[in-house]
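[1] Dropping a prediction and its sequence here:
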Amino acid sequence: MKRQVLIIGLGRFGISLATTLFSMGHDVMAVDDDEKKVQNISTQITHAVQADATDEAVLRELGVANFDVAIVTMGEAIQNSVLCAILLKKLGIPYVIARAENDLHGTILDKIGVDKVVYPEREMGIRVAHSLILTDVQDYIPVAPSYGVSKLAVSPYFVGKSLSDIGLGRGGKWSLAVLLIQRGKEVIVTPDRVEIVRQGDVLIVSGSDDKLEQFMAETKKHKEGE
C-alpha cells in the first residue's frame with residue numbers, strides 16, 4: 001500500500017530512510033533546516049523542504065496532518081526531537097516513529113505518546129556483532145535478548161535435502177523456525193518441513209542465538225568436510 005511519509009531530519013539515517021521509502025514507491029516529504037541537505041536530496045524523493053520542524057505554524061502550513069506516518073530522525077538534538085514529536089502527535093499524524101539517542105531519550109518519547117521508538121546505532125551494533133561472530137549469517141535482526149531473525153545462504157551440503165532432514169522447522173533438532181525461503185524471485189512463506197532445499201536458496205530463520213550458533217557450527221563442519 002502506497003503511503004504518505006514525512007521524514008524530519010536529513011542526517012545519514014534520515015537520508016537513508018527517505019530515499020529507501022521513495023524507491024519502494026511511497027510519497028516522501030523530507031524536512032530539514034539545512035538548505036544544502038534539502039537541495040542534495042530534492043531530486044531523490046517526492047518533495048524536500050527547508051523549514052523549522054519545531055514550529056507548529058510551519059508544520060500546519062506544510063499540511064503534515066495529511067501524512068500517514070512521520071519519522072523523527074533527529075537523535076543528538078534531543079530537545080528538538082521531543083518537541084517535534086509532540087507537535088506531530090498534536091497535529092494528528094496517525095503513526096509517529098522517533099529515533100532515540102539513549103534510554104532516557106527513548107523513555108521521554110514513550111511518555112509523550114510516540115508510537116514506536118527506534119535505536120539505529122544500538123541495533124546496527126548488535127547486527128554487526130552477530131555478523132562478526134556468525135560469519136555465515138548474511139543479516140541478523142534482534143527480536144528479544146539472545147533471540148533474533150537471521151538470513152542464511154544455503155550450504156551446498158544441504159541441497160537436495162528437506163528442511164526436516166536438516167533439522168530445521170518446528171520439532172527439528174535445532175529449534176530454529178524457518179519463516180520463509182527466498183528462491184530467486186519466488187518467496188515461500190512458512191514452508192513445510194518436507195520442502196526440499198535447492199541451490200541458491202536463502203533461508204530466513206528465527207530462534208535463539210545459542211541454537212543458531214550451534215547450527216552454523218555444524219554447517220561449517222560439513223563445509224570443511226566437502
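    Alright, I've got the coordinates. If you're wondering where the values come from, they're calculated on a predicted model, not measured in any experiment.

[2] drop to CA atoms for contacts and neighbour counts, all remaining ones
    OK.

[3] Any chance of the backbone angles for F13?
    Torsion angles at F13 (phi, psi; degrees, to the nearest 10) stand at phi -60, psi -50.

[4] Leaving out chain neighbours, which residue sits closest to it?
    T73 (6.7 Å; CA to CA, 6 or more residues apart in numbering).

[5] Looks like that neighbour contacts I15 (just checking).
    No: under the criterion of CA atoms under 8 Å, T73 makes no contact with I15, lying 9.3 Å away.

[6] These two: which has the busier surroundings?
    Taking neighbours as other CA atoms under 10 Å, T73 and I15 compare with T73 leading, 25 against 22.

[7] mind checking how far the more buried one is from K111?
    T73 sits 18 Å away from K111, going by CA to CA, to the nearest Å.

[8] if I pick the residue nearest to F13, what's in contact with it?
    Taking CA atoms under 8 Å, 6 or more residues apart in numbering as the criterion, T73 is in contact with I7, I8, G9, L10, G11, F13, G14, S81, A98, R99.

[9] From those residues, which land in strands?
    Among the contacts of T73, the ones falling in strands (DSSP state E) are I7, I8, A98, R99.

[10] TSV for the residues you listed, including neighbour count, pLDDT and distance to A65?
    Listed next are the ones in strands among the contacts of T73 as TSV, based on neighbours: other CA atoms under 10 Å; pLDDT from 0 to 100; distance: CA to CA, whole Å:
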residue	neighbour count	pLDDT	distance to A65
I7	23	95	13
I8	28	95	14
A98	27	92	17
R99	25	90	20
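
[11] From the residues you listed, pick the one nearest Y157.
    Comparing the ones in strands among the contacts of T73 against Y157 with CA to CA places R99 closest, at 42.1 Å.

[12] And that closest one, how far from E121?
    From R99 to E121 the distance is 10 Å (CA to CA).

[13] again, but for A100
    From A100 to E121 the distance is 9 Å (CA to CA).

[14] what about the two, which has more around it?
    A100 (27 against 14).

[15] got a list of what that one touches?
    G75, G106, L109, V117, V118, Y119 are the contacts of A100 under CA under 8 Å, 6+ apart.

[16] now do 10 Å
    Listed by CA atoms under 10 Å, 6 or more residues apart in numbering, the contact set of A100 reads 72-78, 81-82, 106-109, 117-122.

[17] Now, of those, which are buried?
    V72, T73, M74, G75, I78, S81, V82, G106, L109, V117, V118 (16 or more other CA atoms under 10 Å).

[18] could I get those residues as a markdown table with pLDDT and secondary structure?
    Shown next, in a markdown table, are those (pLDDT from 0 to 100; DSSP: H, G, I helix; E, B strand; the rest coil):
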| residue | pLDDT | secondary structure |
| --- | --- | --- |
| V72 | 94 | strand |
| T73 | 91 | coil |
| M74 | 86 | coil |
| G75 | 71 | coil |
| I78 | 86 | helix |
| S81 | 91 | helix |
| V82 | 93 | helix |
| G106 | 89 | helix |
| L109 | 92 | helix |
| V117 | 90 | strand |
| V118 | 87 | strand |
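
[19] closest to G63 among these?
    Nearest member of these to G63, counting by CA to CA, is V72, at 16.1 Å.

[20] E101 is in contact with that closest one, correct?
    No: using CA atoms under 10 Å, V72 is not in contact with E101, being 11.8 Å away.

[21] and for the two, which residues touch both?
    What both V72 and E101 touch, as defined by CA under 10 Å, 6+ apart, is the set V118.

[22] Check which element follows the lowest-mean-pLDDT helix or strand in the chain along the chain.
    Lowest by mean pLDDT, DSSP states H and E among the helices and strands of the chain is helix 120-133, with a mean of 69. Following helix 120-133 in sequence order, the next helix or strand is strand 137-144 (DSSP states H and E).
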